[in-house]
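# build me a model from this:
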Amino acid sequence: MAKPLKPQGIYYILKRCVKRAGVKSFTPHDFRRTYVGDLLDAGVDIVIVAKKAGHASVNTTARYDRRPERAKQEAAMVLKVPYFKI
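Below you'll find the model as predicted:
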């Protein structure tokens, strides 16, 4: 039975692949950052993204939010003011 990869083994494999591909160096965490950022960009609720990423706190997930200020302003415009809940 094969042993699970250790973090250092993953780094080593990634380093070799980067060198063979001739691309700019990156880390396994860059995959995570891209995954979380892409989900947020796609409009997935941050609570769901936090759960998918295994974050204990949504505040951790919020650090990955790369959406521009304009997107946050547009989100605030979704509700009509004055706001009357039916």
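
# might you report the residue contacts of the most centrally placed residue in the chain?
Centroid-nearest residue in the chain, with Cα atoms, centre = their mean: residue 36, separated by 1.3 Å. Residue 36 makes contact with 49, 52, 53, 61, 64, according to Cβ atoms under 8 Å, 6 or more residues apart in numbering. (Each C-beta comes from the backbone N, C-alpha and C, glycine too.)

# any chance of these in TSV, with pLDDT and secondary structure too?
Formatted as TSV, those follow (pLDDT from 0 to 100; DSSP: H, G, I helix; E, B strand; the rest coil):
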residue	pLDDT	secondary structure
49	96	helix
52	96	helix
53	95	helix
61	94	helix
64	88	coil
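
# most widely separated two among those residues?
Greatest spatial distance among the contacts of residue 36 (Cβ to Cβ): 52 and 64, at 11.6 Å.

# out of the two, which sits in the busier spot?
Just comparing residue 52 and residue 64: by other Cβ atoms under 10 Å the higher neighbour count belongs to residue 64, 20 against 13.

# would you mind measuring from that one to residue 22?
28 Å (Cβ to Cβ, to the nearest Å).

# same question, residue 1
Residue 1 is 35 Å from residue 22, by Cβ to Cβ.

# settle it for me: which of these two has more neighbours?
Comparing residue 1 with residue 22 by other Cβ under 10 Å, the one with more neighbours is residue 22, at 6 against 2.

# could you report the pLDDT at that one?
Residue 22 is assigned 94 on the pLDDT scale.

# now the one 4 residues further on
On pLDDT, residue 26 comes in at 88.

# which parts of stretch 63-82 are buried?
Buried residues in stretch 63-82, counted by 16 or more other Cβ atoms under 10 Å: residue 64.
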